[in-house]
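Engineer: my questions concern the predicted model and sequence given below.
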Amino acid sequence: MPRVSREPVPARTEHLRDVHRLVVKVGTRGVADVDGSPNEPNIQAWAQEIAGLIAEGREVLLVTSGAVYMGFRALGLDKPVDALRLRQAGAAVGQPLLMRYWRRAFQQRGLVVAQILLTQDDVADRRRAIHLRNTIFALLEAGAIPIFNENDSVSVDGVTFMDNDRLAARLAGLIGADFLILLTDQNGLFTRDPDRHQDARLVSLVRQEELDAAQFVEDRARAESRGGMKAKVRAAEIAVSCGIPCALAHGGEPQVIQRLLHGEDLGTFFVPRERVSSRKSWILSGQEPSGEIFVDEGACRALRQRDGSSLLPVGITDARGEFASGDLVILRGPDGAEIARGLVNYAAHEVRVIKGSQTRDIARLLGRSAHETVVHRDNMVVTAPRNGSS
């Protein structure tokens, strides 16, 4: 593993000039050893770095994996399995074990920690998300370190984040973080799996237009974790779409957090797009899309090039998935490329009925009074370049 300090990279430092609030996510392989015992050297090293950042006046939120794996090992099981009830039991055993070591590491440095366990519903519901954000800000103002994990003891399909990488990205969007750091057991994003291919190259910088291609890298998820490289790229995509820079690096690098903040050429850096409002950040990071709506060339141009354009039924060609009114959907152009994301006013079967029609015909087609727009501009975020073509 390279340990030579490198000079700051302008393409990184220009996005890291005023980082005040950051989210740091650490993975299972860094927190727990193979036998399920805590990796105390790593925990102590990260706690020391975070304590230093707080002494500088920064705010740090920590997302930690490892509870399920530590719980499984404590129960005498060889490795986590997919059975839901066993994962829930493992989390219930492992979470207090994990927090004991984090609490001790920060107490040794005069800091208080707070534990917050989340499910998808806690950020997908706007009202609950606002209450969560207020709690987080109160903890930060009091000088505490909020430590997050998915509430795996109660998480089931439909309310799970799937992995803590995405939890961290959604949390970063919710609280308007200035930087998201994902620490893993890999040196960054590679062009191919470096364990299998000698010609694999580390990708130092990923711009927004390259994210789609980056998602097709070979994955290397571990048996004890639920994420993998694709999950980390998806988390980075969520963060940068909200205007938050993201870095992916090996958690075992010395002073890794400080070096990433310094803009060093370490790991992989994901370049953010322009910042969006708090509400639109929540739209992008609050939930997984439930479906897709395809639009024609004219609607594609309007959404990309005109500020304030809503999606009308006349420009819709198809709807895929089974979404409900109020769900998040992806808007795609004729070529399938993503244009925007937004909260839809109609269920999928209704969109299929009114697609291609004029606004004045919606009520007649559905047999009830209806919204004039399928996705209103206030509930939409353009994710493709506005001056691009489909």
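Structural biologist: Cool, got the structure. Quick caveat: nothing in here was measured; it's all calculated off a predicted structure.
Engineer: hey, let's count contacts and neighbours off CA atoms from now on
Structural biologist: Fine.
Engineer: for the stretch 1-150 of the chain, which spans come out with low pLDDT?
Structural biologist: Counting by pLDDT under 70, the stretch 1-150 of the chain has low-confidence residues at 1-7, 79-82.
Engineer: and stretch 121-135, C-alpha only, in PDB?
Structural biologist: Extracted in PDB, the C-alpha atoms of stretch 121-135 (Å, rounded to 0.1, in the frame of the first residue of the first chain):
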ATOM      1  CA  ASP A 121     -38.200   5.700   6.200                       C
ATOM      2  CA  ASP A 122     -36.300   8.100   8.500                       C
ATOM      3  CA  VAL A 123     -35.000  10.000   5.500                       C
ATOM      4  CA  ALA A 124     -37.600   9.200   2.900                       C
ATOM      5  CA  ASP A 125     -40.400  10.800   4.800                       C
ATOM      6  CA  ARG A 126     -39.800  14.600   4.600                       C
ATOM      7  CA  ARG A 127     -41.200  15.300   8.100                       C
ATOM      8  CA  ARG A 128     -39.100  12.700   9.800                       C
ATOM      9  CA  ALA A 129     -36.100  13.800   7.800                       C
ATOM     10  CA  ILE A 130     -36.500  17.300   9.100                       C
ATOM     11  CA  HIS A 131     -36.700  16.100  12.700                       C
ATOM     12  CA  LEU A 132     -33.700  13.900  12.200                       C
ATOM     13  CA  ARG A 133     -31.700  16.800  10.800                       C
ATOM     14  CA  ASN A 134     -32.700  19.000  13.700                       C
ATOM     15  CA  THR A 135     -31.500  16.300  16.200                       C
END
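Engineer: that one: how far from the chain's middle?
Structural biologist: 16 Å (C-alpha atoms, centre = their mean, to the nearest Å).
Engineer: repeat for stretch 131-145
Structural biologist: Per C-alpha atoms, centre = their mean, the centroid offset for stretch 131-145 relative to its chain is 20 Å.
Engineer: same check on stretch 85-94?
Structural biologist: 23 Å.
Engineer: where's the residue nearest the centre of the chain, which helix or strand?
Structural biologist: Nearest to the mean C-alpha position of the chain, by C-alpha atoms, centre = their mean, lies residue 169 at 2.5 Å. Taking DSSP states H and E as the criterion, residue 169 maps to helix 164-175.
Engineer: so which bits of that helix are buried?
Structural biologist: 164-175 (16 or more other C-alpha atoms under 10 Å).
Engineer: likewise for stretch 104-114?
Structural biologist: 104-106, 111-113.
Engineer: please apply the same query to stretch 145-158.
Structural biologist: By 16+ other C-alpha under 10 Å, the buried positions in stretch 145-158 come out as 145-156.
Engineer: does residue 132 really touch residue 124, like I thought?
Structural biologist: No. Shown here, residue 132 and residue 124 do not form a contact pair, counting by C-alpha atoms under 8 Å, at 11.2 Å.
Engineer: give the contact list for the residue nearest to residue 362 when sequence neighbours are not counted.
Structural biologist: Among residues not flanking residue 362 along the chain, residue 354 sits closest, at 6.2 Å (C-alpha to C-alpha, 6 or more residues apart in numbering). Neighbour list for residue 354: 313, 362, 365-366 [criterion: C-alpha atoms under 8 Å, 6 or more residues apart in numbering].
Engineer: show me where the stretch 101-250 of the chain has its strands.
Structural biologist: 113-118, 145-150, 179-184, 205-206, 246-250 (DSSP state E, counting those that start in this stretch).
Engineer: closest to residue 332 out of the ones you listed?
Structural biologist: With C-alpha to C-alpha as the measure, strand 205-206 is the member of the strands of the stretch 101-250 of the chain nearest residue 332 (22.2 Å).
Engineer: which strands and helices sit next to the closest one?
Structural biologist: Here strand 205-206 touches strand 268-270, going by 3 or more C-alpha pairs under 8 Å, 6 or more residues apart in numbering; DSSP states H and E.
Engineer: repeat that with 10 Å
Structural biologist: Packing contacts for strand 205-206, counted by 3 or more C-alpha pairs under 10 Å, 6 or more residues apart in numbering; DSSP states H and E, involve strand 246-250, strand 268-270.
Engineer: contacts for stretch 359-378, please.
Structural biologist: For stretch 359-378, contacts defined as C-alpha atoms under 10 Å, 6 or more residues apart in numbering pick out 279-280, 293, 303, 307-314, 316, 325-326, 328-329, 331, 341-347, 350-351, 353-355, 357-358.
Engineer: could you redo the last one with a cut-off of 8 Å?
Structural biologist: With C-alpha under 8 Å, 6+ apart, stretch 359-378 has contacts from 308-314, 342-346, 350-351, 353-354.
Engineer: which one (most neighbours) among the contacts of residue 354?
Structural biologist: Tallying neighbours with other C-alpha atoms under 10 Å puts residue 313 at the head of the contacts of residue 354, with 24 neighbours.
Engineer: coming back round to it: could you dump the buried residues of stretch 145-158 into JSON lines with distance to residue 251 added?
Structural biologist: As requested, those are exported to JSON lines (distance: C-alpha to C-alpha, whole Å):
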{"residue": "145", "distance to residue 251": "19"}
{"residue": "146", "distance to residue 251": "19"}
{"residue": "147", "distance to residue 251": "17"}
{"residue": "148", "distance to residue 251": "18"}
{"residue": "149", "distance to residue 251": "18"}
{"residue": "150", "distance to residue 251": "20"}
{"residue": "151", "distance to residue 251": "23"}
{"residue": "152", "distance to residue 251": "23"}
{"residue": "153", "distance to residue 251": "26"}
{"residue": "154", "distance to residue 251": "29"}
{"residue": "155", "distance to residue 251": "27"}
{"residue": "156", "distance to residue 251": "29"}
